[in-house]
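> What shape does this take:
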Amino acid sequence: MNMHLLDQARQLSVEEQLEMVEALWDNIVERNVVPPLTDAQKMELDRRLAEHDANPNDVVPWSEVKASALARMER
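Prediction:
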């Protein structure tokens, strides 16, 4: 990592830092770059897939998840 660049970024206001983060993230997305998964992420995905394979009918439809989330937001 370029520590000089990081030190310069740390001198920015929080608002400017957030703008920079958004701009960097947008640039990564535009380049269609997908960072590799960590070992922990791979293990979690494997765990979730195994859980789904063991209980394929233990699911909640998206419409119910969405309705529940919206109801919580209205409280």
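> C-alpha from now on. contacts and neighbour counts both.
Noted.
> From V14, how far off is D46?
Plainly put, D46 is 37 Å away from V14 if you go by Cα to Cα, to the nearest Å.
> and what of V60?
Distance of V60 to V14, computed by Cα to Cα: 39 Å.
> Show me which of those two is the more surrounded one.
Higher neighbour count among V60 and V14: V14, with 11 against 8, using other Cα atoms under 10 Å.
> Can you check the pLDDT for the more buried one?
V14 carries a pLDDT value of 97.
> Might you report the residue contacts of it?
Listed by Cα atoms under 8 Å, 6 or more residues apart in numbering, V14 has no contact partners.
> Mind checking what secondary structure L12 has?
Classification of L12 into helix, strand or coil gives coil, according to DSSP: H, G, I helix; E, B strand; the rest coil.
> how many other residues sit next to it?
L12: 12 surrounding residues under other Cα under 10 Å.
> change the start of the numbering to 31 and stick with it
Got it, first residue is 31 now, which makes that one L42.
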